[in-house]
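Visitor: here's my sequence, what's the structure:
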Amino acid sequence: MIQDEISVSLKRPQWKCVESREDSKRLHYGRFILYPLCKGQANTIGIGMRRALLGEVQGTCITRAKFQDITHEYSTIIGIEESVYDILMNLKEIVLRSDPYGIREASLYIVGPKSVTAQDIVLPSSVRIIDTTQHIANIKKKITLDIKFQIEKGRGCIIQNTNSYNPKDGLFALDTIFMPVRSANYSIHSYWDGNQIQEVLFIEIWTNGGVTPREALYEASRNLIELFLPFLSAEQQIIDETNNQNHNMYPFLSFSHISTDMRRTKEGIKFSNIFIDQLDLPPRVYNCLRNAHINTLSDLLKYSREDLMKIERLGEHSVEQILEVLRNFGIN
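Guide: Sure thing, here's the model as predicted:
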């Protein structure tokens, strides 16, 4: 059936989702195809997409927890079945979904006896728990469990430096795995189209529910494209006298031009393809722009300085930070 569709399709590659299901709250599956591709292209795309899916898609995690009157992670709390270490391990298992960037605060204040789950955590409106049944602790007596949390959005894995926090204050940093994509595979189907061999790329994605497979595919694709943007926007310039001297010192360097301008320019990239999360803005400024439905550099350039000043919670200092970022892009 797929080959019949491919045979009548346009030569320009297109994609579609051929299967999507939710096996559980923490296991979402999606299967996608990209076709038609020339021989060898499917493997090139598949390798890059798999690595981007596993390493470039962002997730949200609890990164720090602060207990009241606790000085060591291996402490026990009388009346609670789990040790502090066990509670911290349970907190690491909580799957979160968050749109904004920056650090968010959450809290847990429970009086026992009670079986405490993720549902008991008080979250900001911008953060949502995927599986509220995640177990945290069993309180056996009429005592209070009081924990404060820091929630962050990031990518990859972070192993916390134990010297960066003070457990005597009850603040514990958690090793975090931000990666919402649990697994990603690709396979290739080849077929003859006339006198040419063409290929279909199949991509399978499993996520923890923090993002859907379709969202993961979109974000991984966008992040993969962003990694190559400097090559598209770079302008060739003649090497200056210093570089010429270096060339005489190292004759095996035979380049006559070098790319030194890494700014995104009008000639290089469409501003509509540059998202504001690429602009290295402070989290508070980024959130203000997102709340004003400014998502791309093209959207931002529609606003004058005076218009930006009218955006809620965006003061003069924040506007100056935005203008400085724009100047770095060669925009006055």
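
Visitor: could you pull out the strands in the stretch 51-200 of the chain for me?
Guide: Remark: strands assigned in the stretch 51-200 of the chain by DSSP state E, counting those that start in this stretch are 59-67, 96-98, 104-111, 114-117, 127-129, 135-139, 144-154, 157-158, 171-173, 176-177, 181-193, 196-207.

Visitor: so which of those strands is nearest residue 30?
Guide: Closest to residue 30 of the strands of the stretch 51-200 of the chain, according to Cβ to Cβ: strand 196-207, at 4.9 Å. To be clear about C-beta, it is placed using only N, CA and C from the backbone, and glycine gets the same treatment.

Visitor: pairing partners for that closest one, with directions?
Guide: For strand 196-207, the paired strands and their directions (DSSP bridges) are strand 27-38 (antiparallel), strand 181-193 (antiparallel).

Visitor: run through who's touching that strand.
Guide: Among residues not part of strand 196-207, those counted as contacts by Cβ atoms under 8 Å, 6 or more residues apart in numbering are 2, 6, 27-42, 45-46, 49-50, 53, 180-192, 213, 216-217.

Visitor: what packs against the next helix or strand after it?
Guide: Using DSSP states H and E, the helix or strand that directly follows strand 196-207 along the chain is helix 213-233. Other helices and strands packing on helix 213-233, by 3 or more Cβ pairs under 8 Å, 6 or more residues apart in numbering; DSSP states H and E, are strand 14-24, strand 27-38, helix 41-55, strand 196-207.

Visitor: what angle do helix 213-233 and strand 27-38 make?
Guide: Angle, helix 213-233 to strand 27-38, by axes from the mean of the first three to the mean of the last three Cα atoms, to 10 degrees: 40 degrees.

Visitor: buried residues in helix 213-233?
Guide: 213, 215-217, 219-224, 229, 233 (16 or more other Cβ atoms under 10 Å).

Visitor: am I right that residue 81 is in contact with residue 136?
Guide: No: in this structure residue 81 lies outside contact range of residue 136 using Cβ atoms under 8 Å: 10.9 Å.

Visitor: neighbour count winner among these two?
Guide: The residue with more neighbours, out of residue 81 and residue 136, is residue 136; 24 against 13, by other Cβ atoms under 10 Å.

Visitor: that one - nearest residue in space that isn't next to it in sequence?
Guide: Of all residues not flanking residue 136 in the chain, residue 116 sits nearest, at 4.4 Å (Cβ to Cβ, 6 or more residues apart in numbering).

Visitor: so what's the one you found bridging to?
Guide: On DSSP bridges, the residues paired with residue 116 through beta bridges are residue 137.

Visitor: got the contact list for it?
Guide: Listed by Cβ under 8 Å, 6+ apart, the contact partners of residue 116 are 108, 110, 135-139, 145.

Visitor: can we see that at 6 Å?
Guide: Taking Cβ atoms under 6 Å, 6 or more residues apart in numbering as the criterion, residue 116 is in contact with 110, 136-137.

Visitor: starting from the helix or strand bottoming out on mean pLDDT in the chain, tell me the next helix or strand along the chain.
Guide: Of all regular secondary-structure elements in the chain, judged by mean pLDDT, DSSP states H and E, the least confident is strand 257-261 with a mean of 34. Counting by DSSP H and E, the element after strand 257-261 in chain order, helix or strand, is helix 283-291.

Visitor: show me the domain layout of this structure.
Guide: Domain segmentation of the chain under automatic domain parsing yields 2-57+180-227, 60-177, 234-263, 266-332.

Visitor: can you tell me the centre-most residue of the protein?
Guide: The centroid of the chain falls nearest to residue 58 when counting by Cα atoms, centre = their mean (2.0 Å).

Visitor: want to try JSON lines for the strands of the stretch 51-200 of the chain, with mean pLDDT and distance to residue 331 as columns?
Guide: Compiled in JSON lines, the strands of the stretch 51-200 of the chain are given as follows (pLDDT from 0 to 100; distance: least, Cβ to Cβ, whole Å):
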{"stretch": "strand 59-67", "mean pLDDT": "93", "distance to residue 331": "32"}
{"stretch": "strand 96-98", "mean pLDDT": "92", "distance to residue 331": "30"}
{"stretch": "strand 104-111", "mean pLDDT": "93", "distance to residue 331": "31"}
{"stretch": "strand 114-117", "mean pLDDT": "95", "distance to residue 331": "49"}
{"stretch": "strand 127-129", "mean pLDDT": "94", "distance to residue 331": "33"}
{"stretch": "strand 135-139", "mean pLDDT": "96", "distance to residue 331": "48"}
{"stretch": "strand 144-154", "mean pLDDT": "92", "distance to residue 331": "27"}
{"stretch": "strand 157-158", "mean pLDDT": "84", "distance to residue 331": "34"}
{"stretch": "strand 171-173", "mean pLDDT": "88", "distance to residue 331": "39"}
{"stretch": "strand 176-177", "mean pLDDT": "90", "distance to residue 331": "36"}
{"stretch": "strand 181-193", "mean pLDDT": "93", "distance to residue 331": "35"}
{"stretch": "strand 196-207", "mean pLDDT": "95", "distance to residue 331": "36"}
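
Visitor: coming back round to it: so can I have JSON lines of the strands paired with strand 196-207 showing mean neighbour count and distance to residue 122?
Guide: Rendered in JSON lines, the data for these read as follows (neighbours: other Cβ atoms under 10 Å; distance: least, Cβ to Cβ, whole Å):
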{"stretch": "strand 27-38", "mean neighbour count": "19", "distance to residue 122": "26"}
{"stretch": "strand 181-193", "mean neighbour count": "15", "distance to residue 122": "28"}
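
Visitor: kind regards, and thank you for your time.
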